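1. Can you look at this prediction? I've put the sequence above it.
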Amino acid sequence: MVLERELIQSRGFRNVQEGADTVGFEIALRMPNYRGVWGSLIDGVAVTVDGQEWTREVPRWTLQGRTFSIQELRQSTNVRWQLDEVATVMVPLAGGLAVGVHDVRVDIALHAPYIPAEFQPSIFTSQRKVTVLA
Amino acid sequence: MVLERELIQSRGFRNVQEGADTVGFEIALRMPNYRGVWGSLIDGVAVTVDGQEWTREVPRWTLQGRTFSIQELRQSTNVRWQLDEVATVMVPLAGGLAVGVHDVRVDIALHAPYIPAEFQPSIFTSQRKVTVLA
Amino acid sequence: MSNLKYGVSLYSYTGDINTVLTLEDAMAQIADIGATGIEILGEGHVPNYPEPSTAWIDQWYGLLEKYQLEPTNYGSWIDSSMWRDRDLTADEGTGMLARDLRLAHRLGFTSIRPKIGVVSMDLRPHPIWEEVIERNLDLAAELDLIICPEIHAPTPIKHPVVDEYIAFIERTGSKNFRLLIDTGIFQKAITTAKHDGLSEEAQEEGWRKPLAVPMSDLVDVLPYVSFIQAKFFDIDDDLVDGQIPWREILQTLKKNEWSGYLSSEYEGDRLPYRSIEQVRRQHALLHRLEAEIAGTL
Amino acid sequence: MSNLKYGVSLYSYTGDINTVLTLEDAMAQIADIGATGIEILGEGHVPNYPEPSTAWIDQWYGLLEKYQLEPTNYGSWIDSSMWRDRDLTADEGTGMLARDLRLAHRLGFTSIRPKIGVVSMDLRPHPIWEEVIERNLDLAAELDLIICPEIHAPTPIKHPVVDEYIAFIERTGSKNFRLLIDTGIFQKAITTAKHDGLSEEAQEEGWRKPLAVPMSDLVDVLPYVSFIQAKFFDIDDDLVDGQIPWREILQTLKKNEWSGYLSSEYEGDRLPYRSIEQVRRQHALLHRLEAEIAGTL
Ligand SMILES: [Mn+2]
Ligand SMILES: [Mn+2]
C-alpha cells in the first residue's frame, strides 16, 4: 500500500462517535519528516478547520494502535510514527463536522535533537480540502 | 510496484547495444488507456527526441517479454499491453542517444472498436525530459 | 420499497490506480466511504488478464474479506474489429464473452457488461452481438451472472439499439440479460473535463454534449435495469454537481421502487488523487440526497 | 589506484517513497542506473523499526538479489534529547547504537552512521557520544561494521568536532570508527531548494549558506574517510550542478587514490518524481566526469 502525497489523507477524515453522540472528528496524517520518529519527539499538531483553530495541546494521537494525549505522547518510550504508517489525530468537537467539504490545515511539530534547540521544533504545514461523509 | 504517473517512464530509458554497437534507444511506456488492450489494437507510437521524429511504423515493441514490429503487432492474437505492465518501444538509431537529458515525446495510437471508425485511432500524447545514462 | 446500494468502479481511479493507488489502497478507499460494492474492468484491473495467477485470486478474495466489499459488475469487451483485414466472427465473440463470464464468476461477480464494437456513427453494435449474447445465456444462467449492455451517451434510452435489447429480453424470456444505465445520459450541462486520447470532435460528439435524457424515459425501462453506473465529472466544494441531476435520478429510483447498485464512475480531469476526493464528494452528496428524499416520500 | 563505486541513499526519494515509489520500485530505479549500492535510514525505511518482521527481512534480501544491490551504509540516530525533562544517558545511548548495529548487520550493511544530538549552535555532539561509541567498538568489530559520524554542513572539516573524532580514532586505534563526508560541505553557491519543516533562519544558518570547504581540507582527512554521501540539490538539463563542485571532488578522490562509495543524497525540491530524475542526472554527470578525469590523470 502507499499513502497519499498530501500529509492530510482523504481516507480516515471522519466524525467520531461515542455511543449515540458525535464527539469530534479525526484526520489521518502521513509522517512529514524523512525518517520516522519516536513518539516523544512529536510536539503536537495544531489543527484548523474552516477557520476554527485547535492548539497543539488539544488533539489526541493514535499511533500503532495506541491512543495518547499529547502530554502522554511527549513522555512515551516505545511508540513510533513511521514513514509508512499514518497517525490519527482526534479533535474533540461536540456534534462533529458537517457532512461535506472542509478546508483543513495542520501544523505538525516535531523535535530533531541533531538540530540546535534554538530551531526546535520543526513545523510541517499542510492544507487541503477534504470531505467528511458521516 | 507502481508506475510513474507520466506515460514515459524514467526507468528503462536507455541506449540499446548489439554486440559492440549501439543500435538504438528504448523507452518504457505506461498504458495510457483506462483498460489494457490486445496487441492488435495498438496502432503504433510516433517518437520525437530533441526534434528528431520517427513515425508509428518504425519503433519495435516489446510486450510481455515478446518483441514485435508494429506490422506484426497489428496481426498478433495473444499478447497484451496491460495497465500494470510497461511496453518497451525501441527506436533504431546508429550510435544511440548522447548521455544526458533529452526532450522526449510520444504519440501513442490505440484502436477502440466501441468508438466509431471515423474517430480511430485515439492518440495519447506525452512529453517530458528524461535522462540516458549509457 | 427501494433499496439503493452504493459501490465504486475502479474505472473512477483511472490514472491513479497503478501509479498512486494499489488495488488494496483503492479497496480501502471504497470501504472508507461506507460503500459495499466494487466494480472492475476485467481488461483493466486483473493482472495478467485473462489468466490471473491463483495467488492474485487469493489476494483478491482476501481483500474483499478485509474491506468487506462485494464484487458487483465486471466490465468486459467484445472488440469486434481486432484486426485490420476482418471482423470478429460470432464464434470468436461467443468465446470471448464465455471466457469473461467464467473469469467474472471466478472472481465473485454477479453482473457483467460486455462492450461491443460499433458499426456506425450512431453506435449500432456489431451485428454479431445478438448471437454472441444468445449463445452465452445458458452459461450466464449456470454461473448466475446477468449480462447487461451499457446504455451510454451519446445513445439515449429512446433509440433503436435499446429497443432491440428490450425485444431480445422479451423474445428470449431470459432473466440473465438486462440493461445497465450509465448516468452520463442524464447530463444537463457541458463538461470541460478532458478525455485523454479522444479527438476534439469525438469528444464534442460523444461526451461534452449534454444528452439530458428525461426521467420519464428512465421510468419506462426501469423494470429492465439491473445496474447503474453513477457517471459524473465534477462535484464542487459545496457538493454541487453541475452536470448530473442526482436529485431527479434518486427521486425517480426511489419513487419507482428500483433496488440495486449505484456504482461511481468518476470521469473528470485525471489530476493525481482528484478521483479519490471526487468519489468521496459524490457519495457524500448521494447520501445527503437520499436522506432528504426519504423525508419527503 | 582509486576505485569509485556508486550507490543511492533512499533518503534521496524522501516524499516519493511510500507515496509514488515502493521499496521495490526504488531498488529497481537504483539498479536501472547501474548503481550497485543501496543506503537506507533505519528509522525511515525499515517497516516496524526497530523490529522488522522476518517476512520483511526475507523480502529485503530477495530484492537485493533480484536487483543485484549491496547494502552500504545504514543511517541511525542517537536522539540525545528524547524527553523534555532529561537527556539520554550514556547507557541508553549505548543500547540504542547496539540495537542499530545489530539491525544493520542483520540487513547486510557494512557501515553505520549514528547521528548524535547536538548541544550548541555550532553543532557540538552531546558529550555522551564518546562513551556511546567506545562501548560499541567491540560489537562493531564483531559484526564487521564501521561506525562513521557524518561531517555535514554547517560543520566544516577544520572544526573541533572533526578534530575530536580523529583524536578518537588515533587514541582507540579502532578500525571500526571512520568519517563519513556529506558533500554538502563543498557547496559553492546558494540553493533555493526548500527544506520542509525548518524555519527560514535555520535554513539560512544550515543549508543555504555555501560552506565551500576547500579540497585541501578533504585531502587532509581522506585517510579517515570510509563513505561519501553525494549530497546535491539540483542538476539542470545540461547536467550542470550549480552548487556542488563534482569535478574537483572526483579529481581529489582519484588523485588521492580514495576508494569507496559515493551514495547519492538528493536534497532538492520535493516535487513528486523529481528525485528519480535528479538522481539519474547526477549519476550521468558523475560517470561522465569520472571518464573525463581518467583521461587526464
Ligand atoms: Mn459507464
Ligand atoms: Mn548526508
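-> Ah, there it is. Ligands and ions are numbered 1, 2, ... in the order given.

2. CA only for contacts and neighbour counts going forward, please
-> Noted.

3. in the sheet, who's paired with the residue positioned nearest the centre of chain A?
-> Nearest to the mean C-alpha position of chain A, counting by C-alpha atoms, centre = their mean, stands A:Val89 at 3.7 Å. The partner list for A:Val89 in beta bridges (DSSP bridges) reads A:Ile27, A:Trp61.

4. Does it touch A:Val16 like I think?
-> No. With contact defined as C-alpha atoms under 8 Å, A:Val89 does not reach A:Val16; the gap is 11.1 Å.

5. Now the common contact residues for the two.
-> The contact sets of A:Val89 and A:Val16 overlap at A:Glu26 (C-alpha atoms under 8 Å, 6 or more residues apart in numbering or on different chains).

6. C:Thr48 - that's part of a helix, no?
-> Quick fix: residue C:48 reads Asn, not Thr. No. According to DSSP: H, G, I helix; E, B strand; the rest coil, C:Asn48 belongs to no helix; its state is coil.

7. check contacts around it.
-> C:Asn48 touches B:Gln82, counting by C-alpha under 8 Å, 6+ apart.

8. Could you do C:Gly15 as well?
-> Applying C-alpha under 8 Å, 6+ apart, the residues contacting C:Gly15 are B:Arg5, B:Tyr34, C:Arg270, C:Pro272.

9. Pull up the gap between it and C:Ser264, please.
-> Using C-alpha to C-alpha, to the nearest Å, we find C:Gly15 at a distance of 16 Å from C:Ser264.

10. same deal with C:Lys175?
-> Separation of C:Lys175 from C:Ser264 (C-alpha to C-alpha): 25 Å.

11. neighbour-wise, which of those two wins?
-> C:Ser264 (29 against 16; other C-alpha atoms under 10 Å in any protein chain shown).

12. The more buried one contacts C:Phe227, doesn't it?
-> No. Taking contacts as C-alpha under 8 Å, C:Ser264 lies outside contact range of C:Phe227: 11.3 Å.

13. where does the one residue in chain A that gets nearest to chain C fall, phi/psi-wise?
-> Closest contact between chain A and chain C, by C-alpha to the nearest C-alpha, is at A:Leu133 (4.9 Å). Note on A:Leu133: its backbone torsions stand at phi -100, psi -30 [degrees, to the nearest 10].

14. Check which residues of stretch A:23-36 are buried.
-> Residues of stretch A:23-36 classed as buried: A:23-36 (neighbour count, 16 or more other C-alpha atoms under 10 Å in any protein chain shown).

15. which stretches of the stretch 151-297 of chain C aren't confidently modelled?
-> For the stretch 151-297 of chain C, the stretches with pLDDT under 70 are C:206-207, C:297.

16. Show me where it has its helices.
-> Using DSSP state H, counting those that start in this stretch, the helices of the stretch 151-297 of chain C run over C:160-172, C:200-203, C:215-221, C:246-255, C:274-296.

17. same question, chain A
-> Under the criterion DSSP state H, chain A contains helices at A:70-74.

18. What pLDDT is listed against A:Ala117?
-> pLDDT recorded at A:Ala117 is 89.

19. Identify the residues contacting it.
-> D:Val119, D:Ser120 are the contacts of A:Ala117 under C-alpha under 8 Å, 6+ apart.

20. again, but for the one 5 residues further on
-> Residues touching A:Ser122, when contacts are defined by C-alpha under 8 Å, 6+ apart, comprise A:Ile108, A:Ala109, A:Leu110, A:His111, A:Ala112, D:Gly197, D:Leu198, D:Ser199.

21. try 6 Å
-> A:Ala109, A:Leu110, D:Gly197, D:Leu198 (C-alpha atoms under 6 Å, 6 or more residues apart in numbering or on different chains).

22. The helix or strand harbouring C:Glu43 and chain B, any residue contact?
-> Assigned by DSSP states H and E, C:Glu43 belongs to helix C:42-45. Yes. Applying C-alpha under 6 Å from any C-alpha of the partner chain, one finds helix C:42-45 touching chain B at C:Glu43, C:Gly44.

23. so after that helix, what's the next helix or strand?
-> helix C:54-67.

24. Can you mark which positions in that following helix are buried?
-> C:Trp60, C:Tyr61, C:Leu63, C:Leu64, C:Tyr67.

25. thinking C:Ile244 is in contact with C:Gln187, fair?
-> Yes. Between C:Ile244 and C:Gln187 there is a contact at 4.8 Å, judged by C-alpha atoms under 6 Å.
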